[in-house]
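Undergrad: pasting the sequence and the predicted model now:
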Amino acid sequence: MHDSFQGVIAFALLALMLWLGSLLRNRIPLLRMSLVPASIVGGVLGFALLSFDVLPGYSPGDFTTLTFHFFTLSFMSLCLTGRAPKSDQLGGGSIVRGGLWMTLAWSISLGLQGVIGYLMITGYDAFTGSDISGWLGAIVTHGFTQGPGQALTYGSIWENEYGVANAAQVGLIYASLGFLMAFVVGIPVARRYLKKGLNANQASRLDASFRQGFYAADNDGEVTSPTMGRMVSHPGNLDSLAYHLGLLAVAYVLTHLWLTFMQGVIGNASPYGIQMNVLFSHNLFFLHGLGVCVLMRMVIDRLGFSHRVDDETLKRITGSSVDFMVVGTLMSIQFAVLYALLLPVLLVSVAVTAASLIGCVLIGRMSGKLGYERVVTSFGCCCGSTGTGLLLLRMMDADFSTSVPKELAFFNLAIVLVNLPILMVFAPIVPSLTGGSYLLIFGGSALFFTACLPLMWFWSRRGASPLSSAWKSSTRVPAIGAASSKPRFSKGAAS
């Protein structure tokens, strides 16, 4: 039994780092005032402990697999979450339209970040005389816009199939730096919006509980805090949390069976040089799992069993998975690789962060109502993952009362569909391309989606007709405590 504890204790160490991170965030004034999440604090602490060999018997590699699966769980649980009633949402508007604005911001970043990373490393080699592979710059887009799961996925493929040394580790480093950049830059931006009262959900504010990281007790010792959801199954039969984990387990098994079946069907087929076995490998489990969960939710709703699924419980599973994923990502970094490539990696990360912030702010301002929420959410998604975007959105919309969380769910499906050629065809085989071909494909993708912005803006303005505005105002729930005189966007279009 002794051997079975290696993985279990690794998971326990992740949980311990989260617990310690929450205590440090609560006790240290600098961390408390900066609003750094416990997952970042705990992850940095865990990275330091591993780097100084304070956790004997464990290395960064012990946390890589856990990180991958927590990332997958966060995606799949989000896609199992249903659509909230419009009466429960602030801001109204079209979820599809709002989701498409964020989809454009992310799609532009996907191509632009890859181009910036490749050119930065190529230029660094020319300036310093070093011999770093340009693909170690290109993988930044998978670490930033897609997070540790895809960075590890594509990095492993590039490393194992095409011999790009340290691609997986560098991808994880970019993902970790992406999380840090998202919070170092994104939190001050969100805090600025909160101080000005620009968020639609005025119930979200910088109160004592937000800063402390814990809900405070009243004079009688009772803690007043939001509930975590409703019970679906009777505890005498099955605990409700176990029931919802079982739903995710069904999705996991179905995805595994699908991939196993397709691997047997396609074999070693490679039409047009595209290795189909790579596209249906378990390294892309999250992508296929996303589709499985969307279909499962459609079937559940169509058969009238939506009352058997509690969306709040699924949101808690998503949030917990994101926390574990972030701390695991930081603890998966190998110090030696980070040290050897520190300067070029930092240069790429800073350039990509600046470009992403400018793009998200401009596109968010174009999107109209709830644009401030979309700025921080899009920036989080472009510098970390969907989970990072949710964490930043949670600052401005703590109870997810706006329509932006559901826009984010639509966004997760839309980015896969509109970027299918990039994600499913080109990304896994990038090292087989020439540098010119890579720049043409990824740069051309960014230019194409940039050209779509004026069309999207025109469509949004057409949606803001007097008739549609009157209908939306009659069905919209006012923001709690919102000041009606405070302007949102001077030229706001329908979201």
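TA: Perfect, thanks for sending it. Numbering: from 1, shown residues only.

Undergrad: how near is Val96 to Phe410?
TA: 6 Å (CB to CB, to the nearest Å). Backbone N, C-alpha and C define where each C-beta goes, glycine included.

Undergrad: who's more crowded, these two?
TA: Between Val96 and Phe410, Phe410 has the larger neighbour count (other CB atoms under 10 Å), namely 20 against 13.

Undergrad: what strand or helix carries the more buried one?
TA: helix 404-418 (DSSP states H and E).

Undergrad: how far off centre is that helix?
TA: On the basis of CA atoms, centre = their mean, to the nearest Å, helix 404-418 sits 11 Å off its chain's mean C-alpha point.

Undergrad: helices or strands up against that helix?
TA: helix 61-80, helix 95-128, helix 285-302, helix 371-383, helix 386-396 (3 or more CB pairs under 8 Å, 6 or more residues apart in numbering; DSSP states H and E).

Undergrad: quick one: mean pLDDT over the first one.
TA: pLDDT averaged over helix 61-80 equals 83, rounded to a whole number.

Undergrad: ok, the second one next?
TA: Helix 95-128 carries an average pLDDT of 93.

Undergrad: report the next helix or strand after it in sequence order.
TA: By DSSP H and E, the next helix or strand past helix 95-128 is helix 135-138.

Undergrad: distance of the closest residue to Asp323 other than its chain neighbours from Phe324?
TA: Spatially, and ignoring its direct neighbours in sequence, Asp323 is nearest to Ser39 (4.5 Å; CB to CB, 6 or more residues apart in numbering). Applying CB to CB, the value for Ser39 to Phe324 is 8 Å.

Undergrad: what do you get for Ser460?
TA: Ser460 is 37 Å from Phe324, where distance means CB to CB.

Undergrad: so which of these two has more stuff around it?
TA: Neighbours were counted for Ser460 and for Phe324 using other CB under 10 Å; Phe324 has more, 26 against 23.

Undergrad: which element, helix or strand, includes the more buried one?
TA: Per DSSP H and E: helix 311-331 holds Phe324.

Undergrad: distance between that helix and the chain's centre?
TA: For helix 311-331 - counting by CA atoms, centre = their mean - the centre lies 10 Å from the chain centre.

Undergrad: what do you get for stretch 328-347?
TA: Centroid separation for stretch 328-347 versus its chain: 20 Å, with CA atoms, centre = their mean.

Undergrad: list the buried residues in it.
TA: 328-334, 337-338, 341, 344-345, 347 (16 or more other CB atoms under 10 Å).

Undergrad: what's the answer for stretch 258-274, then?
TA: Buried-residue list, stretch 258-274, by 16+ other CB under 10 Å: 258-259.

Undergrad: other residues contacting stretch 444-453?
TA: 104, 107-112, 115, 363, 366, 418-419, 422 (CB atoms under 8 Å, 6 or more residues apart in numbering).

Undergrad: going through those, which ones are buried?
TA: Buried subset of those (neighbour count, 16+ other CB under 10 Å): 104, 107-112, 115, 363, 366, 418-419, 422.

Undergrad: quick one: contacts for the nearest residue to Leu391 once chain neighbours are set aside?
TA: Spatially, and ignoring its direct neighbours in sequence, Leu391 is nearest to Pro37 (6.0 Å; CB to CB, 6+ apart). Contact analysis of Pro37 by CB under 8 Å, 6+ apart lists 21, 25, 183, 323, 326, 391.

Undergrad: give me phi/psi at Pro37?
TA: Main-chain dihedrals, Pro37, degrees, to the nearest 10: phi -60, psi 150.

Undergrad: tell me the pLDDT at it?
TA: Pro37 is assigned 82 on the pLDDT scale.

Undergrad: check the one 3 residues further on too.
TA: In this model, Ile40 is scored at 86, pLDDT.

Undergrad: where does the chain have low pLDDT?
TA: 2, 83-93, 201-207, 218-224, 226, 270, 272-275, 278, 399-400, 463-495 (pLDDT under 70).
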